[in-house]
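Asks: Quick one, what's the 3D model for this:
(3 chains)
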Amino acid sequence: MRAWPATVEGLILEQEELARASPPRLRPTGDPAIGGCFVCFARGKTGPGEAGDPGWAGAAVVRRGRVLASAVVTGKAGAAYEPGLLALREGPLLEAAVLELAEGPDVLLVNATGRDHPRGAGLALHLGAVLELPTVGITHRLLVAAGDWPADEHGATSAFHLGGKPVGYWLRTRRGTRPLAVHAAWRTDAEAAVALVGSILGTTRTPEPLRQARQSARTARASSL
DNA sequence: GCGACAG
DNA sequence: ATCTTGTCGC
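Replies: This is a model prediction of the structure:
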């Protein structure tokens, strides 16, 4: 088991080590239990926030569109948000939420980048290493990678690269809306990541596991205010 | 002046 | 992350 670094220096060293690791690739299965996790903070505030900000983390597991389990946990942000160091702010909270799930997922969707990162180890990849679970990152924007958007057709994809290598795919989950960036993370490469997410597309822009997790977190926030 | 970097 | 009007579609 790995622990979350508590300092910038510690996290940077950990990220460099995680980027060098080459854990066994995820082996696709029939219909996997797919998890999702999401963290939100108080409404009305803007900017990077600060350490100690109260946060709500939700997690859910879905299989064939059915919610198998969901959980929510409250806690405090470990630090202010800073690009490249998101793990410091949200890592422990997300881990706690996933550990609360009555039924663990086969693979986890995380609201963060994976290999698309200054040191090749974004929070989605890091969380997977800590939880020892294959992960896929899902974001609205790229961190340091680059790649053009795909056609405005449901299911359309286009790769984005970093250092000449593909680290994920833009995926149009719904026509008329901006595509989601699907990132290679822990034990997943760009192809496996986009294949997984592409296989569970519904009518909503956000993949169901992530949607459920987000809803849980926001509902918890609403009832504790 | 322009561009800017997950959440 | 969160702030936002109107608009479209089920």
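Asks: Would you state the strands of chain A in chain order?
Replies: With DSSP state E as the criterion, chain A has strands at A:34-41, A:54-63, A:66-76, A:107-110, A:135-139, A:157-162, A:165-171, A:180-184.
Asks: Is it possible to get the ones you listed out as TSV so that each row also shows distance to DNA strand B?
Replies: C-betas here are computed from N, CA, C, even on glycine. As requested, those are exported to TSV (distance: least, CB to the nearest atom of the strand, whole Å):
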stretch	distance to DNA strand B
strand A:34-41	6
strand A:54-63	10
strand A:66-76	14
strand A:107-110	8
strand A:135-139	3
strand A:157-162	12
strand A:165-171	11
strand A:180-184	7
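Asks: Could you dump these into TSV and include mean neighbour count?
Replies: Below are the strands of chain A laid out as TSV (neighbours: other CB atoms under 10 Å):
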stretch	mean neighbour count
strand A:34-41	26
strand A:54-63	24
strand A:66-76	17
strand A:107-110	29
strand A:135-139	29
strand A:157-162	18
strand A:165-171	23
strand A:180-184	27
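Asks: I'd like these written out as TSV, with mean pLDDT added.
Replies: As requested, those are arranged in TSV below (pLDDT from 0 to 100):
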stretch	mean pLDDT
strand A:34-41	97
strand A:54-63	97
strand A:66-76	97
strand A:107-110	98
strand A:135-139	97
strand A:157-162	95
strand A:165-171	96
strand A:180-184	97
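Asks: So which of the ones you listed is nearest DNA strand C?
Replies: For the strands of chain A, the distance to DNA strand C is smallest for strand A:34-41, at 3.3 Å, taking CB to the nearest atom of the strand.
Asks: Quick one: list the elements packing against that closest one.
Replies: Judged by 3 or more CB pairs under 8 Å, 6 or more residues apart in numbering; DSSP states H and E, the packing partners of strand A:34-41 are strand A:54-63, helix A:86-99, strand A:107-110, helix A:208-223.
Asks: how near is A:A129 to A:P54?
Replies: Shown here: A:A129 relative to A:P54, a distance of 26 Å by CB to CB, to the nearest Å.
Asks: Can you tell me which residues in chain A are near DNA strand B?
Replies: A:38-39, A:41, A:47-49, A:81, A:83-87, A:90, A:111-113, A:117, A:122-124, A:137, A:139-144 (CB under 7 Å from any atom of the strand).
Asks: Next up, the contacts around the residue most central in space within chain A.
Replies: Taking CA atoms, centre = their mean, the centroid of chain A lies closest to A:V110, which sits 1.5 Å from it. Going by CB atoms under 8 Å, 6 or more residues apart in numbering, A:V110 touches A:36-37, A:94, A:123-124, A:127-128, A:135-138, A:185.
Asks: does it have beta-bridge partners, and which?
Replies: Beta-bridge partners of A:V110, counted by DSSP bridges, are A:C37, A:G137.
Asks: are any of the residues of chain A next to DNA strand B buried, and which?
Replies: A:38-39, A:41, A:49, A:81, A:84-87, A:90, A:111-113, A:117, A:122-124, A:137, A:139, A:142-144 (16 or more other CB atoms under 10 Å).
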